[in-house]
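**Student:** Turn this into a structure:
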Amino acid sequence: MGTYGRFPITLTRGQGCWVEDDQGKRYLDAVAGIATCTLGHSDRAMRRALTRQLHRLQHVSNLYEIPEQVELARDRKSTRLNSSHS
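**Tutor:** As a prediction, this is how the structure comes out:
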């Protein structure tokens, strides 16, 4: 299903907002992904958090609740409330 064409490069690694191709050329990743979050590449804290999560669940539909969703929602709500009173 040819929905879009690929660029003629092969990306092999990334660090932060930079990616590198199989020839060693670096590119600023201003795209990151289609329908994904721009979180950068190979961030140490992100790798630790993902590893912990992957030991429990890899992916769960939004049809179900998982404790991490509740924790994140409470954190975001608290952050918003605290920043609106500053």
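
**Student:** which helix of this protein spans the most residues?
**Tutor:** Ranked by residue count under DSSP state H, the longest helix found in the chain is helix 67-84.

**Student:** Name the residues of that helix that come out as buried.
**Tutor:** Neighbour counts over helix 67-84 (16 or more other C-beta atoms under 10 Å) mark no residue as buried. Glycine gets a C-beta too; all of them are placed from N, C-alpha and C.

**Student:** Residues touching that helix, excluding its own?
**Tutor:** Helix 67-84 has contacts (C-beta atoms under 8 Å, 6 or more residues apart in numbering) with Gln53.

**Student:** Rounded mean pLDDT for that helix, please.
**Tutor:** Mean per-residue pLDDT for helix 67-84: 83.

**Student:** Check the offset of that helix from the chain's centre.
**Tutor:** For helix 67-84, the distance from its own C-alpha centre to the chain's C-alpha centre is 19 Å (C-alpha atoms, centre = their mean, to the nearest Å).

**Student:** Then stretch 39-58?
**Tutor:** In terms of C-alpha atoms, centre = their mean, the centre of stretch 39-58 is set 9 Å apart from its chain centre.

**Student:** And for stretch 63-72?
**Tutor:** With C-alpha atoms, centre = their mean, you get 17 Å for stretch 63-72.

**Student:** Just the terminal-to-terminal distance for it.
**Tutor:** 16 Å (C-alpha to C-alpha, to the nearest Å).

**Student:** Ok, stretch 48-65 next?
**Tutor:** Using C-alpha to C-alpha, the end-to-end distance of stretch 48-65 comes to 22 Å.

**Student:** May I ask which helix or strand encompasses Val19?
**Tutor:** strand 18-21 (DSSP states H and E).
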